[in-house]
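Chemist: give me a 3D structure for the following:
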Amino acid sequence: MSKVITRKNGAIAEIIISNPEKMNAMTMDMWHAIPGALQEFDKDPEVRVIVISGDGEKAFISGADITQFDNLRGTEDAQAQYNACVSAAYAAPIICSKPVIASIRGYCFGGGLGFASSCDVRICAEDAQFRMPAARLGLGYDPIGVKRFMDILGASNTADIFFSARRFDAHNALHMGFVSQVHPVGELRAKTMAYAQMVSENAPLTMAAAKFAIRQALLDSPEKDLTTARAMVKECYSSEDYKEGRNAFAQKRTPVFKGV
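Modeler: Just a heads-up that it's a prediction; the model follows:
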């Protein structure tokens, strides 16, 4: 059964893409569930960081469920509705104020690659395989999505993966800058969770301000909201967490941040 699973362990929330019989291929219902899941965790004051992974050992997301193509993408109107649903799912990790980490094992193709590009940090196992097969399927790719890849990979690497539709492995992804860490398969979850734990212990207001500033830096100039970005920085300096950070540093202890 295809579904999106959510769970929480203290400050770390998890979203698990589950359709293991089809290599975690995404149905429209699964795409539709992602924004709501992220919004719920974004509103939860206990959650500091969100980890997204695929169910099982074979895939993060292998792409869209092609069995739904004729029914859900067979006409221009149906395709427009499907694209809007997928675009909302892609936007959800970007809009989320908290760090979102993609933990990638196995196949990360098509829609999975696009969704991973929307996450803040990507960590993968050595068995990860990546591919953008749009040119093999005759699909047009939204310019906003292409820009996301360019922001991560640069123009030449983006052209390469779109023009060739080739598979590339974990170490190639690391070399191109698509992922920031590569780990042995058996260590991926432990390493991802250790990283998430480290992130969760940091000041929430600072991380939110940094994420917002990064987002503004990637926007075209007329769309930038530097006023809000600077207000968020100012909020950090006036927060109790800033006092706690200074005191903890002076006392040589681990700070305990509360997000206020």
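Chemist: and what about residue 13, helix, strand or coil?
Modeler: For residue 13, the assignment made with DSSP: H, G, I helix; E, B strand; the rest coil gives strand.
Chemist: which parts of the stretch 101-250 of the chain are strands?
Modeler: Assigned by DSSP state E, counting those that start in this stretch, the strands in the stretch 101-250 of the chain fall at 107-109, 121-125, 129-131, 167-169, 181-183.
Chemist: and for the first one, what's in contact with it?
Modeler: What it means is strand 107-109. Strand 107-109 is contacted from outside by 23-24, 58-63, 116, 124, 128-133, using C-beta atoms under 8 Å, 6 or more residues apart in numbering. Where you see a C-beta, it was placed from the backbone N, CA and C, and this is true even at glycine.
Chemist: same thing with the last one?
Modeler: Strand 181-183 has contacts (C-beta under 8 Å, 6+ apart) with 123, 124, 125, 126, 128, 170, 171, 173, 174, 191, 192, 195.
Chemist: go with 6 Å
Modeler: Here strand 181-183 makes contact (C-beta atoms under 6 Å, 6 or more residues apart in numbering) with 123, 124, 125, 126, 170, 174, 191.
Chemist: next: stretch 233-249.
Modeler: Outside stretch 233-249, the residues that touch it by C-beta under 6 Å, 6+ apart are 203, 205, 206, 209, 255, 257, 260.
Chemist: buried ones in that stretch?
Modeler: Buried positions in stretch 233-249, judged by neighbour count with 16 or more other C-beta atoms under 10 Å: 235, 236, 239, 241, 242, 244, 245.
Chemist: show me the two of the contacts of stretch 233-249 that sit farthest apart.
Modeler: Across those, no pair lies farther apart than 209 and 255, at 16.6 Å, counting by C-beta to C-beta.
Chemist: what about the two, which has more around it?
Modeler: residue 209 (21 against 16; other C-beta atoms under 10 Å).
Chemist: correct me, but that one touches residue 231?
Modeler: No - look at residue 209 against residue 231 with C-beta atoms under 6 Å: they stay out of range, at 9.0 Å.
Chemist: what do the two both touch?
Modeler: What both residue 209 and residue 231 touch, as defined by C-beta under 6 Å, 6+ apart, is an empty set.
Chemist: give me the next element, helix or strand, following the worst-scoring helix or strand of the chain on mean pLDDT.
Modeler: Taking mean pLDDT, DSSP states H and E as the measure, the chain has helix 69-73 as its least confident helix or strand, at a mean of 60. Sequence order places helix 76-95 as the next helix or strand after helix 69-73, per DSSP states H and E.
Chemist: sorry, back to before: now, of the strands of the stretch 101-250 of the chain, which is deepest in the fold?
Modeler: Each of the strands of the stretch 101-250 of the chain was scored by mean neighbour count; the highest is strand 107-109, a mean of 26, by mean count of other C-beta atoms under 10 Å.
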